[in-house]
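In: Let me see the structure of the following:
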Amino acid sequence: MHRINPDKLQQSKWTAVAPKHKEKHFMVTKLVRDEEEKVVQVVLEAVITRREFTLPWQALKDDETWRMGWK
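Out: Modelled structure (predicted):
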């Protein structure tokens, strides 16, 4: 499991362990914060298709789904 500082996720790069739709490499393009300014979600953009989706930032800790960096 990765140790992640949610405030430093902006522009970070991630690799999907099991790519779908040929989308393997992703970049965090936006941090979604709550009213207390805590990061609750991230917006990931697929590098090849530019498709975006939102997920809880804690999902990036899962080694079975995500790897830090582009590999």
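
In: Let me see the contact set for residue 44.
Out: Listed by CB atoms under 8 Å, 6 or more residues apart in numbering, the contact partners of residue 44 are 14, 26, 27, 28, 29, 52, 53, 54, 55. Backbone N, C-alpha and C define where each C-beta goes, glycine included.

In: So, low pLDDT: which residues of this structure?
Out: Low-confidence regions of the chain, defined by pLDDT under 70, span residues 1-2.

In: Please enumerate the strands of this protein.
Out: Defined through DSSP state E, the strands belonging to the chain, from first to last, are 13-20, 23-33, 39-46, 52-56, 66-68.

In: Identify the residues contacting the longest one?
Out: In other words, strand 23-33. Residues outside strand 23-33 that contact it (CB under 8 Å, 6+ apart) are 6-7, 9-16, 39-49, 51-52, 54, 57, 70.

In: thinking again about what came up before, of the contacts of residue 44, select the buried ones using a ChimeraX command.
Out: A single ChimeraX command is used to select the members of the contacts of residue 44 judged buried by 16 or more other CB atoms under 10 Å:
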select :14,26,28
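
In: Quick check: which of the strands of the chain is buried the most?
Out: Per residue and on average, the most neighbours among these fall to strand 39-46, with a mean of 18 (mean count of other CB atoms under 10 Å).

In: Just checking: what are the partner strands of it?
Out: With DSSP bridges as the test, strand 39-46 is paired with strand 23-33 (antiparallel), strand 52-56 (antiparallel).

In: relative to strand 13-20, how tilted is that strand?
Out: Taking axes from the mean of the first three to the mean of the last three CA atoms, to 10 degrees, strand 39-46 and strand 13-20 form an angle of 70 degrees between their directions.

In: just how off-centre is strand 39-46 within its chain?
Out: Distance of strand 39-46 from its chain centroid, counting by CA atoms, centre = their mean, to the nearest Å, is 5 Å.

In: send the alpha carbons of it over as CSV?
Out: The C-alpha coordinates for strand 39-46 follow below in CSV (Å, rounded to 0.1, in the frame of the first residue of the first chain):
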residue,chain,number,x,y,z
VAL,A,39,-9.0,16.5,-0.3
VAL,A,40,-11.8,14.0,-0.8
GLN,A,41,-11.5,13.0,-4.5
VAL,A,42,-9.2,13.3,-7.4
VAL,A,43,-9.9,13.7,-11.1
LEU,A,44,-7.8,11.3,-13.2
GLU,A,45,-7.3,11.9,-16.9
ALA,A,46,-6.2,9.2,-19.3
